[in-house]
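S.K.: take a look and give me a structure for this.
(4 chains)
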Protein chains: 4
Amino acid sequence: MTTRPSAFTRKDFRLFRDIPTRWMDVDTYGHVNNVQYLSFFDTAVNGWLIEEHVLDPRRSEEIFLVVETGCSYFSEIVYPDRVAVGVRVARLGGSSVTYDIALFRNDGDVACAQGRFVHVQVDARTRRPTPIVGARRTLLSSIVAGD
Amino acid sequence: MTTRPSAFTRKDFRLFRDIPTRWMDVDTYGHVNNVQYLSFFDTAVNGWLIEEHVLDPRRSEEIFLVVETGCSYFSEIVYPDRVAVGVRVARLGGSSVTYDIALFRNDGDVACAQGRFVHVQVDARTRRPTPIVGARRTLLSSIVAGD
Amino acid sequence: MTTRPSAFTRKDFRLFRDIPTRWMDVDTYGHVNNVQYLSFFDTAVNGWLIEEHVLDPRRSEEIFLVVETGCSYFSEIVYPDRVAVGVRVARLGGSSVTYDIALFRNDGDVACAQGRFVHVQVDARTRRPTPIVGARRTLLSSIVAGD
Amino acid sequence: MTTRPSAFTRKDFRLFRDIPTRWMDVDTYGHVNNVQYLSFFDTAVNGWLIEEHVLDPRRSEEIFLVVETGCSYFSEIVYPDRVAVGVRVARLGGSSVTYDIALFRNDGDVACAQGRFVHVQVDARTRRPTPIVGARRTLLSSIVAGD
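M.R.: Residues are numbered from 1 along each chain as shown, chains lettered A, B, ... in the order given. Here you go, the predicted model:
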């Protein structure tokens, strides 16, 4: 097995998004299926971008596509549970942004899972990368890790 | 097309369960896919039964299985939206319970979709129907429509 | 409980679409979750329309939206299983089409679940109903029940 | 953005599992959502283990839990498409197994996405790691990369 990362705790994050689990998230082993964790990453990041008014998935001329995801699993989530998704920017590149994401179960302070999620900004029509500038860059800069 | 039912409004329900939409609920047409609506039914009913301590999916000797579902769709839900799921019992039979379920989008008072959801209580091991009695019957009786 | 419909058998259908189950379809009770059955309806109908070249979800000026679904469940599906989805048109209206759909598990001849699925054709932009004509009407007519 | 791995081709794999896409896999951008790719990993690996008779998810005394996943995305998959999932063992540890997984779209020879998927074998009851031995070890050894 690969070297396991150290678990994040809540103090590593300023931005949190809440996602309650659903009945259908649970698989035959009685816990939330590993795949659903990744949907929490996607939902948290896109939801934040939309609510901060820098992304309109159906109308923006530039959208974000996922080019890499990864998740390490430490402990189970079940139904019903509330998941707090901690989101921060690990690296803000010219046209890409790498997020650190951690999932906290109910009132837990230590991540039950965590990973990386890499978005590339592309032209919605051509799907070619474009530089992240303006309001988006300002917003993303506001959650850069360690600032 | 079949005759469409009249839309429920919030006053038709006493019990509500909140479910925020997720990024992945949305399909190529930019709205929550029709299938996800049914997952809201399942999540609302089971979540209520679990939190009221009458169901433990992994340990209860008697569980509820779905034998019928149905949904009529009136208007769209998107991401991000909050869905309030109204739940009431339309009919409480010997071993089955028929729920009326309505979905309300954000602060909307008129259902954007509604349907029926029929559970049968079965022995967890044999999967044969068993009579609904005791705390479960009392709980279900508390949300019978029109009482 | 409501009156249960008689189960369809394979001879009731001429059109079948194959869908293998997935690990994540299975819920905590060890069988395919009831919600996934409805996704098989959606996948079978749209896949057929696309492969018959009468629907391009991203480019067609008229698309089909679901206005009603319903499913009765008779017996379990698990993972891994192959599901054969029988599809026929129960009623072809001016702008709507009501499908009868039945799910057959592996080599089973009797439906393990069946239901109705109602599409309305709408203008992709305005989302107002439009009459089903031309190649679409011809195709849909070819699977009308009882013909 | 991180350094991108070189894309696998079909000749890197001996074991393939076929998974057709579904309507609901597609998100608002008109392509299969990134999260679903991970469900293809899970489905391919578990399906193979079950069909080779070394795993019975509901009865085996030892099951496999996911401790790490990761995926790099190179190009889109849409609906309807057939995905061929190439699976091989990158590292077979004492109680864990790391899979290399690549997704090939329709007749494509170059992976449209690929990643890692790490299972740990645990006791189904205690969820503590146990050594992978016997028929399971033999089976897993048969698809070790580079042999």
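S.K.: now A:Tyr37, what's its secondary structure?
M.R.: Under DSSP: H, G, I helix; E, B strand; the rest coil, A:Tyr37 falls in the helix class.
S.K.: for it, grab the count of nearby residues.
M.R.: Neighbours of A:Tyr37 under the rule other CB atoms under 10 Å in any protein chain shown: 27. For glycine as for every other residue, the C-beta is placed from the backbone atoms N, C-alpha and C.
S.K.: ok, now which ones touch the closest residue to chain D within chain A?
M.R.: Residue of chain A nearest chain D, by CB to the nearest CB: A:Gly70 (3.5 Å). Going by CB atoms under 8 Å, 6 or more residues apart in numbering or on different chains, A:Gly70 touches A:Gly115, A:Arg116, A:Phe117, D:Glu68, D:Thr69, D:Gly70, D:Cys71, D:Gly115.
S.K.: show the buried residues in those residues.
M.R.: A:Gly115, A:Arg116, A:Phe117, D:Glu68, D:Thr69, D:Gly70, D:Cys71, D:Gly115 (16 or more other CB atoms under 10 Å in any protein chain shown).
S.K.: for the helix or strand containing the first one, buried residues please.
M.R.: When elements are defined using DSSP states H and E, A:Gly115 is found to belong to strand A:113-123. Taking 16+ other CB under 10 Å as the basis for neighbour counts, the residues of strand A:113-123 that come out buried are A:Ala113, A:Gln114, A:Gly115, A:Arg116, A:Phe117, A:Val118, A:His119, A:Val120, A:Gln121, A:Val122.
S.K.: for stretch A:45-53, same thing?
M.R.: Using 16+ other CB under 10 Å as the test for burial, stretch A:45-53 gives A:Val45, A:Asn46, A:Gly47, A:Trp48, A:Leu49, A:Ile50.
S.K.: and the third one, what does it touch?
M.R.: Translated: A:Gly47. The contact partners of A:Gly47, by CB under 8 Å, 6+ apart, come to A:Arg17, B:Trp23, B:Tyr79, B:Pro80.
S.K.: A helix includes it, no?
M.R.: Yes - secondary structure of A:Gly47 (three-state DSSP): part of a helix.
S.K.: ok, it to A:Ala113 distance?
M.R.: As for A:Gly47, its distance to A:Ala113 is 18 Å (criterion: CB to CB, to the nearest Å).
S.K.: got it, and the fifth one?
M.R.: In this view, A:Leu49 and A:Ala113 are 22 Å apart by CB to CB.
S.K.: mind listing the helices for chain A?
M.R.: With DSSP state H as the criterion, chain A has helices at A:34-51, A:134-141.
S.K.: just checking the last one against chain D, any contact.
M.R.: No - with CB under 8 Å from any CB of the partner chain as the criterion, chain D is not reached by helix A:134-141; the gap is at least 14.0 Å.
S.K.: tell me which residues are up against stretch A:119-133.
M.R.: Against stretch A:119-133 from outside (CB under 8 Å, 6+ apart): A:45, A:60-67, A:92-97, A:99, A:136, A:140, D:1.
S.K.: swap in 7 Å and give it another go.
M.R.: A:60-67, A:94-97, A:140, D:1 (CB atoms under 7 Å, 6 or more residues apart in numbering or on different chains).
S.K.: leaving out sequence neighbours, find the closest residue to A:Leu55.
M.R.: Take A:Leu55 and drop its neighbours on the chain: the residue closest to it by CB to CB, 6 or more residues apart in numbering or on different chains is A:Leu49, 3.9 Å away.
S.K.: need the per-residue pLDDT for that neighbour.
M.R.: On the pLDDT scale, A:Leu49 is placed at 98.
S.K.: what of A:Glu61?
M.R.: Residue-level confidence at A:Glu61 comes out at 97, pLDDT.
S.K.: may I have the phi/psi pair for A:Ala145?
M.R.: Main-chain dihedrals, A:Ala145, degrees, to the nearest 10: phi -60, psi 140.
S.K.: state the distance from the closest residue to it other than its chain neighbours to A:Ser72.
M.R.: Nearest non-adjacent residue to A:Ala145, counting by CB to CB, 6+ apart: A:Arg88, 4.7 Å away. Remark: distance between A:Arg88 and A:Ser72 (CB to CB) = 16 Å.
S.K.: CA-only coordinates of stretch A:121-139 in CSV, if you can.
M.R.: Written as CSV, here are the backbone C-alpha positions of stretch A:121-139 (Å, rounded to 0.1, in the frame of the first residue of the first chain):
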residue,chain,number,x,y,z
GLN,A,121,-10.6,26.2,-16.8
VAL,A,122,-11.6,25.8,-20.4
ASP,A,123,-13.5,27.6,-23.1
ALA,A,124,-17.0,26.1,-22.9
ARG,A,125,-17.2,25.7,-26.6
THR,A,126,-13.7,24.6,-27.7
ARG,A,127,-12.8,23.0,-24.4
ARG,A,128,-9.3,24.5,-24.7
PRO,A,129,-7.6,25.8,-21.5
THR,A,130,-7.8,29.5,-20.8
PRO,A,131,-6.1,31.6,-18.2
ILE,A,132,-7.9,32.1,-14.8
VAL,A,133,-8.1,35.8,-14.2
GLY,A,134,-10.4,38.5,-12.7
ALA,A,135,-13.1,37.6,-10.1
ARG,A,136,-12.4,33.9,-10.3
ARG,A,137,-8.7,34.3,-9.6
THR,A,138,-9.5,36.7,-6.7
LEU,A,139,-12.0,34.3,-5.2
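S.K.: thanks again, I'm all set now.
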